[in-house]
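>>> Need a 3D model of the sequence below.
(one chain, ligands or ions: 2)
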Amino acid sequence: MHRLGQEFFLPPVAPGALEKPAGKTPSSDSSLPPRKRKTLDIVPRQPYPETELVWYLWSFSVRRMVLRVLSGIQPSGRLHIGNYFGAMRQHIELQQGNDCFFFIADYHALTSNPSPQEVAKHSLDVAMDYIALGLDTEKTVFWRQSDVCEVTELTWLLSCITPMGLLQRCTSYKDKVAQGASPNHGLFAYPVLQAADILAFHSDIVPVGADQKQHIEVTRDIAMRFNSAYGEVFTIPQDYIIESVAVVPGIDGRKMSKSYGNTIEMFEPEDGIKKKVMKIVTDSTPVEDAKEPDKCSVFALLKLVAPPEELAQWQERYRSGGMGYGEAKKRLAELIIEFFKPFRRKRTELENDLDYVREMLANGARRAKAVAAETLTLARKAMGLGI
Ligand code: ADP
Ligand code: TRP
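Ligands and ions are numbered 1, 2, ... in the order given. Below you'll find the predicted structure:
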């Protein structure tokens, strides 16, 4: 049961733990809300998620629920390892046994006024990255946000019930303004478009990095306001954030982000990865002294790519002294390159077949449009439009 207003922990959903009812596809249902509304038993966050995982696997397998999972990534630059570990890896894994909807948030990217060439190039780049990393376009609905115009119409309906104060409190907007961005209306209204993205598809869970938590809360707030004013149209979504990778640090120690220019891109040339890793900011503890691994960005990144036994050795070496950061950085660069190597070949194949990538996106847009159009009709009717 939803327990609103509390913090919840939703553990990873294991491959195969959830089974899909036979014959059901996201776009083929005719009775809307398109799927039977589910009640999620979400328990308050507890200190030992491992024990919760066992409970969830048991309960999901007994109830055979199908969760609709949705997320989007802005094509605002080349994707980086923070995007992968913070969000995309979960997206790829969640394809097993869940009903997944992933999209390229190109309308959101317009809020920072990129050039038309950048928008077009980065959108295709995100598509190729996703497919190369394992997104299965047969199973998962994958599209470009701007190809499904129903979401922008829904944004207007939601805008009219969204209090200004709710948007004024959004930290991502306030941060961008504090950093000197001259805000446009799109940037201010960004969370309403995001709410429409999520609600148009009756999403149950939204896997994102920690920076998106507030936007999911805003979405829940808008959905509850709408449902209580006009009747139950929307599913109330739940964020899905894995704490251990919620904030991947960049080479300057801040959160890795395209907008800070501190990223290590997944598919940049190997030499570029080495150079970036060697630039990671560390403290000035001398080689012979003991170092604190948990305060070091190099160690935080090693945690993502090093096998557990090797990670334990690095931890020991940090603590016992006699190890220079340069040595750890060299190994980190090798491990990042090795980690993404298997995906590079597929990425190169896709670069040579952009028509195939465009066709995948067009197919995905058709499937997404069918679902969004039905939700939009319901929301319009509920508000008294077109009756
Ligand atoms: P960026 O900040 O680089 O522009 P986006 O806003 O496009 O990244 O984020 C896309 C997804 O990747 C979101 O779910 C976001 O939470 C996640 N993400 C981005 N950067 C990180 C990071 N450094 N650590 C964890 N998750 C991240
Ligand atoms: N705001 C998200 C980000 O910057 C991208 C996004 C747009 C999104 N719409 C969404 C994420 C819907 C999840 C669900 O990362």
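>>> So what's the residue count around the residue of the stretch 1-150 of the chain found nearest ligand 1?
Per Cβ to the nearest ligand atom, the residue of the stretch 1-150 of the chain with the smallest distance to ligand 1 is Gly86, at 1.9 Å. Using the backbone N, CA and C atoms, a C-beta is placed for each residue, glycine as well. The burial metric for Gly86, expressed as a neighbour count using other Cβ atoms under 10 Å, is 25.
>>> Phi and psi next, for the residue sitting nearest the centre point of the chain.
Nearest residue to the geometric centre of the chain (Cα atoms, centre = their mean): Val208, 3.5 Å. Val208 has phi and psi values of phi -150, psi 170 when expressed as degrees, to the nearest 10.
>>> That one reaches Ala87, doesn't it?
Yes. With contact defined as Cβ atoms under 8 Å, Val208 counts as touching Ala87 (5.7 Å).
>>> and for the two, which residues touch both?
Taking Cβ atoms under 8 Å, 6 or more residues apart in numbering as the contact criterion, the residues that touch both Val208 and Ala87 are Ser71.
>>> Can you pull the residues of the stretch 151-300 of the chain lying near ligand 2?
Taking Cβ under 6 Å from any ligand atom as the criterion, the neighbours of ligand 2 within the stretch 151-300 of the chain are Gln194, Asp197, Ile198, Val206, Val208, Gln212, His215.
>>> Just the element for the first one, please.
Going back to what we said before, that points to Gln194. Taking DSSP states H and E as the definition, Gln194 sits inside helix 185-199.
>>> That helix near ligand 1 anywhere?
No. If you take Cβ under 6 Å from any ligand atom as the test, helix 185-199 misses ligand 1, and the best it gets is 10.7 Å.
>>> how near is Met164 to Lys346?
Distance from Met164 to Lys346, counting by Cβ to Cβ, to the nearest Å: 46 Å.
>>> Looking at the two, which has the bigger crowd around it?
The residue with more neighbours, out of Met164 and Lys346 and counting by other Cβ under 10 Å, is Lys346; that gives 14 against 8.
>>> How about the contacts made by that one?
By Cβ under 8 Å, 6+ apart, Lys346 lies in contact with Ile131, Ala132.
>>> Point me to the helix or strand that includes it.
Per DSSP H and E, the secondary structure element for Lys346 is helix 325-351.
>>> in that helix, what's buried?
Of the residues in helix 325-351, those buried under the neighbour-count criterion (16 or more other Cβ atoms under 10 Å) are 325, 328-329, 331-333, 335-337, 339-340, 343, 347, 350.
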